[in-house]
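Novice: Quick check, what structure comes out for this input:
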Amino acid sequence: MKHVLLDVDGVLANFIGRVCEVASSITGRVHKPEDIKQFNFATELGLTPEQKREAHAFIEQPGFWRNLDPYPDAIEGVRRLQNLRDVEVVIVTSPWNSCRTWLYEREGWLKEHFGIHHGDIIPTSRKHMVCGAMLIDDKTETLHAWRKVWGNGAVQWQTPHNRLDPWDGHSTRSWDRVVELLR
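Specialist: Next comes the predicted model:
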């Protein structure tokens, strides 16, 4: 059995799109995901310390995580992985520890949109400690750490905020390519 480890925000959920909406409402300026060129969204959006606190307060409100939009292609992509005979999909997702409803909402969101239950969800920021045949993540730093431990199964999910990151491994935004890499 091949365990395919999937990150959520940036791979399955449009977290950055929602953050841009929040930042736009706080700053009065239009922010778009394609304008973000690094992983630290607050810095990239040019938020002042007060605006960053306001954005974090919004993100930590009940309902934020449950109401993220899934990427439409992600629903079909995960379904394809789940239908492969020798593949088990496991979610590895970094928790937002300051939000008391994060885990409950994340589990509900994954069940609702992807049919993934809490037993297949590993909340951790230390993804390099989780064994799998493949890790798909948008955070290049996480992929470097995971690859050091587990090898070449690290796949960078291409996003505007990681396009300038140094990465010499597999990189895609195609679920067809993910299936191809698994074979």
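Novice: And the next helix or strand past the strand ranked longest in the chain?
Specialist: As far as residue count goes, and with DSSP state E defining each element, the longest strand of the chain is strand 87-93. Using DSSP states H and E, the next helix or strand after strand 87-93 towards the C-terminus is helix 102-114.
Novice: Against which helices or strands is the lowest-mean-pLDDT helix or strand in the chain packed?
Specialist: Of all the helices and strands that make up the chain, helix 41-44 has the lowest average by mean pLDDT, DSSP states H and E, namely a mean of 86. Using 3 or more CB pairs under 8 Å, 6 or more residues apart in numbering; DSSP states H and E as the contact criterion, the neighbours of helix 41-44 among helices and strands are helix 15-27. Where you see a C-beta, it was placed from the backbone N, CA and C, and this is true even at glycine.
Novice: What are the buried residues along the helix it packs on?
Specialist: When burial is assessed from 16 or more other CB atoms under 10 Å, helix 15-27 yields the following buried residues: Phe15, Ile16, Arg18, Val19, Cys20, Val22, Ala23, Ile26, Thr27.
Novice: surely Leu164 meets Lys37?
Specialist: Yes - look at Leu164 against Lys37 with CB atoms under 8 Å: they come within range, at 5.7 Å.
Novice: Need the contact partners of the least confident helix or strand of the chain.
Specialist: Contacts to helix 41-44, defined as CB atoms under 8 Å, 6 or more residues apart in numbering, come from residues Ile16, Val19, Ala23, Asp35, Ile36, Lys37, Gln38, Lys52, Ala55, His161.
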